[in-house]
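1. below are the sequence and a predicted model for it; my questions follow.
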Amino acid sequence: MNTAEPVGRSVRRPVPSPVVVAAVLIAVAVVLTLVITGNEHHSGPPKPDALGQAAPGTWPGDTGTGTDFRAGDADLVVLDGVSGKIQVSADPDAHTVSGTFDATDPGHGQLARIGAVADRADGPHALTIACADANDVAMPCAGNLAITVPEHTGLRLRQTSGETELSGIGGELTVSVASDRFTAQDLRAARAAVTVVSGSADLGFAAAPDSLAVHTTSASTTLRLPAGDGSGYAVTTAATSADVQVQVPRRDDAPHKLSLQVLSGSLAVLPA
């Protein structure tokens, strides 16, 4: 029997059911979502999440220099690899992290964005201050950066060159500066670690720290400590080719621990 279709007669194809059509649309949507998500992971620095409570000025767009930013409260602010003039001040009336940035370094003339990004690696309430260019490509913050933080907020700072000024920091403090002029006053951190390589440092504490470690190399450093409760400081010193003077009260079993490591240069520990 000849089963061929008659010439000139149209052949009717089966129409897909609504269930099949819906399944295909869902699959396409999933693929597009995965592609978009993957691209976002490579589009530059992350935008502030809900923790950052980003205000309209946090990622302001192509504004060039003179950028303001604001984020939520934080237990720790992280500044990694910044240069230029850095000022971080604690305000007892502040409840958020805020600041201004002016990219004055000609080598970073295209710098257009700065933001406070929630940094889960440092804890659920840590913020990293990050900079990017107009294309959202991450780059170091180089210029004049002034930040105001709540009094309880700690700071982790790595400054590669320039000038650093701290005031009133009450949270845990970790600072590493190189080729820098570093000054700090009214510090209230219970725990602090400071590393100074070349340059100079003048650090003043308003409250006696429980634990303070100072490491200096080829630098001139002055450390001013209050008498606190009068119990003095348990001081350990390691010095090589250095002039170290400790003029605060010392007691081996004191609750305030002071560790000094000095390679070349000078370090003076004076009563505040």
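-> Structure received. On a predicted model such as this, the values are computed, not experimentally measured, just so you know. Numbers count the residues shown, from 1 in each chain.
2. so where is the stretch 1-150 of the chain shaky, pLDDT-wise?
-> 1-66, 104-113, 119-121, 124, 134 (pLDDT under 70).
3. at which residues are the helices of the chain located?
-> 18-40 (DSSP state H).
4. what's the lengthiest strand in it packed up against?
-> Scanning the chain for the strand with the most residues, using DSSP state E, yields strand 76-91. Strand 76-91 is packed against strand 126-133, strand 142-150, strand 154-167, with contacts defined by 3 or more C-beta pairs under 8 Å, 6 or more residues apart in numbering; DSSP states H and E. Any C-beta I mention is one placed from the backbone N, CA and C, and that applies to glycine too.
5. off-centre distance for that strand?
-> 7 Å (C-alpha atoms, centre = their mean, to the nearest Å).
6. report the angle between it and strand 154-167.
-> 30 degrees (axes from the mean of the first three to the mean of the last three C-alpha atoms, to 10 degrees).
7. so Thr217 makes contact with Ser264?
-> Yes - assessed by C-beta atoms under 8 Å, Thr217 is found in contact with Ser264 at 6.3 Å.
8. what sits closest to the residue minimising distance to the centre of the chain if chain neighbours are left out?
-> Geometric centre of the chain, nearest residue: Val78, 1.9 Å, by C-alpha atoms, centre = their mean. Distances taken as C-beta to C-beta, 6 or more residues apart in numbering place Thr128 nearest to Val78, at 4.3 Å, with adjacent residues excluded.
9. count the residues that sit near Ala239.
-> 16 (other C-beta atoms under 10 Å).
10. from memory Asp243 sits against Val269, does it?
-> No - applying C-beta under 8 Å as the test, Asp243 and Val269 come out as separate, 11.9 Å apart.
11. which one of those two has more residues nearby?
-> Taking neighbours as other C-beta under 10 Å, Asp243 and Val269 compare with Val269 leading, 23 against 12.
12. quick check: that one touching Leu225?
-> Yes - shown here, Val269 and Leu225 form a contact pair, counting by C-beta under 8 Å, at 6.5 Å.
13. distance of Thr216 from Leu267?
-> Thr216 is 6 Å from Leu267, where distance means C-beta to C-beta, to the nearest Å.
14. overlap in contacts, the two.
-> Here Thr216 and Leu267 have Ala242 as joint contacts, going by C-beta atoms under 8 Å, 6 or more residues apart in numbering.
15. these two - which one has more neighbours?
-> Thr216 (27 against 24).
16. tell me the bridge partners for the residue nearest to the centre of the chain.
-> Beta-bridge pairing for Val78 (DSSP bridges): Thr128, Arg156.
17. mind listing what it touches?
-> Applying C-beta under 8 Å, 6+ apart, the residues contacting Val78 are Asp119, Asp122, Ala126, Leu127, Thr128, Ile129, Arg156.
18. which of those residues sit farthest apart?
-> Asp122 and Ile129 (12.3 Å; C-beta to C-beta).
19. out of these two, which sits in the more crowded spot?
-> Neighbour comparison, Asp122 and Ile129: the larger count goes to Ile129, with 25 against 17 (by other C-beta under 10 Å).
20. identify the residues contacting that one.
-> Ile129 neighbours (C-beta under 8 Å, 6+ apart): Phe69, Val77, Val78, Leu79, Val82, Gly99, Ile114, Gly115, Ala116, Cys141, Leu145, Ile147.
21. most neighbours among those residues, which one is it?
-> Going by other C-beta under 10 Å, Ala116 tops the contacts of Ile129 with 29 neighbours.
22. so that one sits against Ala71, correct?
-> Yes - contact criterion C-beta under 8 Å: Ala116 and Ala71 qualify, at 3.3 Å.
23. span of stretch 202-215 from start to end?
-> With C-alpha to C-alpha, to the nearest Å as the measure, stretch 202-215 spans 13 Å from end to end.
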